[in-house]
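>>> Dropping a prediction and its sequence here:
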Amino acid sequence: MRSPSVALSAAKYVRKGNNPTFKALDRGDLLTAVKHNLDAIEDKDGVLDRLSAKTRAMMIDNARTVGELRTRFPVFTRDDARRMRTPSLLVSGESSALVLRRIGEILAESIPDCERARISGAGHFPHLDKAEEFNARVLGFLQLHS
């Protein structure tokens, strides 16, 4: 990473998110793992407690998937992104952690025929934070490319 602020954001993400999340998973404490993971993704404290009851229940119900953070996926490079030939829409919330926003920027720069939608006032989950705007952006993209 060429930007010190992005590097610091990445280090904070690992320190605040992955490390405590994995420790909680090792103890079998899924609720704490989800709390740490959400706080790191949104770069805020207490995210789970601020979610609507319905969304909070969904996040807790999906807690067992947090362990998938340990999965080692094949590396996806800029060259891989440049070979994509399908129109793509990258949707992100402007309040997501800086390192995650930078990943989106790199993808948008690399993928040919890529459209970017940044949703103001949304975090890493714009489909939950601003559902109407998210849906409008996705539907508009699909209409344009169908």
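Here it is on my side, so go on.
>>> Show me the helices in the protein, by range?
Along the chain, the stretches classed as helices by DSSP state H are 4-13, 19-27, 30-42, 47-50, 53-61, 78-82, 98-110, 126-129, 131-144.
>>> Go through stretch 19-31 and flag the buried ones.
Buried residues in stretch 19-31, counted by 16 or more other Cβ atoms under 10 Å: Pro20, Thr21, Phe22, Ala24, Leu25, Leu30. Every residue, glycine included, has its C-beta placed from N, CA and C.
>>> Could you pull up the residues touching the residue nearest the centre of the chain?
If you average the C-alpha coordinates of the chain and look for the closest C-alpha using Cα atoms, centre = their mean, you land on His124, 4.6 Å from that point. Taking Cβ atoms under 8 Å, 6 or more residues apart in numbering as the contact definition, His124 lies against Ile41, Glu42, Ser92, Gly93, Ser95, Ser96, Ala97, Leu100.
>>> Quick check on these: which are buried?
Judged by neighbour count, with 16+ other Cβ under 10 Å as the criterion, the buried members of the contacts of His124 are Ile41, Glu42, Ser92, Gly93, Ser95, Ser96, Ala97, Leu100.
>>> do you know how far the residue nearest to Arg64 when sequence neighbours are not counted is from Pro74?
Taking Cβ to Cβ, 6 or more residues apart in numbering, and ignoring the residues beside it in sequence, Arg64 has Leu30 as its nearest neighbour in space, at 6.6 Å. Spatial separation of Leu30 from Pro74 under the definition Cβ to Cβ, to the nearest Å is 27 Å.
>>> Could you pull up the residues touching Asp45?
Asp39.
>>> before we move on, back to that, possible to save the contacts of His124 as JSON lines with distance to Leu142?
Compiled in JSON lines, the contacts of His124 are given as follows (distance: Cβ to Cβ, whole Å):
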{"residue": "Ile41", "distance to Leu142": "26"}
{"residue": "Glu42", "distance to Leu142": "27"}
{"residue": "Ser92", "distance to Leu142": "18"}
{"residue": "Gly93", "distance to Leu142": "20"}
{"residue": "Ser95", "distance to Leu142": "25"}
{"residue": "Ser96", "distance to Leu142": "23"}
{"residue": "Ala97", "distance to Leu142": "28"}
{"residue": "Leu100", "distance to Leu142": "24"}
